[in-house]
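*Asks:* no sequence for this one, just the structure:
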């Protein structure tokens, strides 16, 4: 599968010598939802702004939609919702979206139609002709999404897209992201809200202190440390405990836990328990959550930095 974003090397050093990005290498597959996770200040926004040439990277080699990063014509195929998006409060929501269409070189003949479609898509049609100054934070975020979609982008960057949005709005934004993927578009989501990303992302990368410390598909990453748990009726018999321990099982009371790649590894333990007439009341597959993976990766690589 071709890559929508292919970063061979990306480094950003701010004045004073602070290294915000420390030689990033990253691949974002086309037509997928990609989640970039990291604690506040890890460098997530710096990375996206460098790709979009909003910031000038110290060193950068790579491609965006098959062209060198920074290629102007290619940037017109990209949509962007920045973190803490701000728009002139004297403009209406529709005017914000139409202005963004002009910046993205959307033909004047189709701007009005596209703006209306995008406002409808984010649930802001009823408020389209109200001034931004009258909007709640969540409504401003929806307008931010509409302006990011107005040029019908092939690649969409969303920086903390659910910031300030109520639970119902978060569900709607998740459905919007899923619909973009269904249309074959690539969605790059920056977030520190792990549960939000876990529900929509095909692949993720974790950024800590300016470095990618883990990356891969959700299935690959959560498979590491894959475990199985058996629960018995009453404590595991003492006569079986030593044998289980030699085979890698953790035994505590009525609970046995084994790190294993497949359920086949668990079968000998089930057979041994049955042979000893022990009642098995539960067999459970335990996968690491994205939160566990994130905390482990960040802890082992330290925390902190600047955005």
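*Replies:* Yes, it's here. Since this is a predicted model, take the numbers as computed values, not measurements.
*Asks:* domain parsing for this protein?
*Replies:* The chain resolves into domains spanning 3-222, 227-286 when parsed by automatic domain parsing.
*Asks:* Show me the helices in the stretch 51-200 of the chain, by range?
*Replies:* 72-75, 93-103, 108-121, 137-149, 167-182, 194-200 (DSSP state H, counting those that start in this stretch).
*Asks:* With distance to residue 267, mean neighbour count and mean pLDDT added, can I get the ones you listed in JSON lines?
*Replies:* Using the backbone N, CA and C atoms, a C-beta is placed for each residue, glycine as well. Output for these, formatted as JSON lines (distance: least, Cβ to Cβ, whole Å; neighbours: other Cβ atoms under 10 Å; pLDDT from 0 to 100):
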{"stretch": "helix 72-75", "distance to residue 267": "53", "mean neighbour count": "14", "mean pLDDT": "92"}
{"stretch": "helix 93-103", "distance to residue 267": "58", "mean neighbour count": "21", "mean pLDDT": "96"}
{"stretch": "helix 108-121", "distance to residue 267": "50", "mean neighbour count": "16", "mean pLDDT": "95"}
{"stretch": "helix 137-149", "distance to residue 267": "49", "mean neighbour count": "23", "mean pLDDT": "94"}
{"stretch": "helix 167-182", "distance to residue 267": "37", "mean neighbour count": "16", "mean pLDDT": "91"}
{"stretch": "helix 194-200", "distance to residue 267": "30", "mean neighbour count": "18", "mean pLDDT": "83"}
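*Asks:* partners of the helix or strand harbouring residue 36, with directions?
*Replies:* Counting by DSSP states H and E, the element that carries residue 36 is strand 33-37. Here strand 33-37 has these sheet partners by DSSP bridges: strand 186-191 (parallel), strand 203-208 (parallel).
*Asks:* which residues touch the first one?
*Replies:* Taking contacts as Cβ atoms under 8 Å, 6 or more residues apart in numbering, the residues outside strand 186-191 that touch it are 4-5, 28-37, 44-45, 48, 83, 154-162, 177, 180-181, 197, 200-201.
*Asks:* Just the buried residues of the residues you listed.
*Replies:* Buried residues within those, counting neighbours by 16 or more other Cβ atoms under 10 Å: 4-5, 28-37, 44-45, 48, 83, 154-162, 177, 180-181, 197, 200-201.
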